[in-house]
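*Asks:* this one's structure only:
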């Protein structure tokens, strides 16, 4: 379970993952994005904003919770970014 926003240790840490995510420069730094070796797949669907943040799309089409491939992608993304949702205090 993800923590409530008031339990998340830093204000720049995203609360959850969605199909389309905006991570400010501070948020990306807080979760360790991008790491070219670990985030190659995500970087194919990500773009840098003029302010230095990132827009990251998890899958090519909107998340479908009945699609096992989409659920696997979402699970891998949460495993990759344990700080999202305050699941890791580090």
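*Replies:* Right, received. Where do you want to start? Remember, it's a predicted structure, so these values are computed and weren't measured experimentally.
*Asks:* Quick one: mean pLDDT for the host helix or strand of residue 74?
*Replies:* Assigning secondary structure by DSSP states H and E places residue 74 in helix 68-80. Confidence for helix 68-80, expressed as mean pLDDT, is 96.
*Asks:* Which helix or which strand is home to the residue nearest to the spatial centre of the chain?
*Replies:* Most central in the chain under Cα atoms, centre = their mean is residue 17, positioned 5.1 Å from the mean C-alpha point. When secondary structure is defined by DSSP H and E, residue 17 falls outside every helix and strand.
*Asks:* Quick check: closest non-adjacent residue to it.
*Replies:* residue 77 (5.4 Å; Cβ to Cβ, 6 or more residues apart in numbering). For glycine as for every other residue, the C-beta is placed from the backbone atoms N, C-alpha and C.
*Asks:* who are the neighbours in contact with residue 12?
*Replies:* For residue 12, the set of contacting residues under the criterion of Cβ atoms under 8 Å, 6 or more residues apart in numbering consists of 24, 26, 27, 29, 30.
*Asks:* contacting residues for the last one?
*Replies:* Under the criterion of Cβ under 8 Å, 6+ apart, the contact list for residue 30 reads 10, 12, 13, 83.
*Asks:* Tell me where this structure has helices.
*Replies:* 25-31, 40-43, 68-80 (DSSP state H).
*Asks:* want to throw those into CSV with distance to residue 6?
*Replies:* As requested, the helices of the chain are exported to CSV (distance: least, Cβ to Cβ, whole Å):
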stretch, distance to residue 6
helix 25-31, 17
helix 40-43, 28
helix 68-80, 20
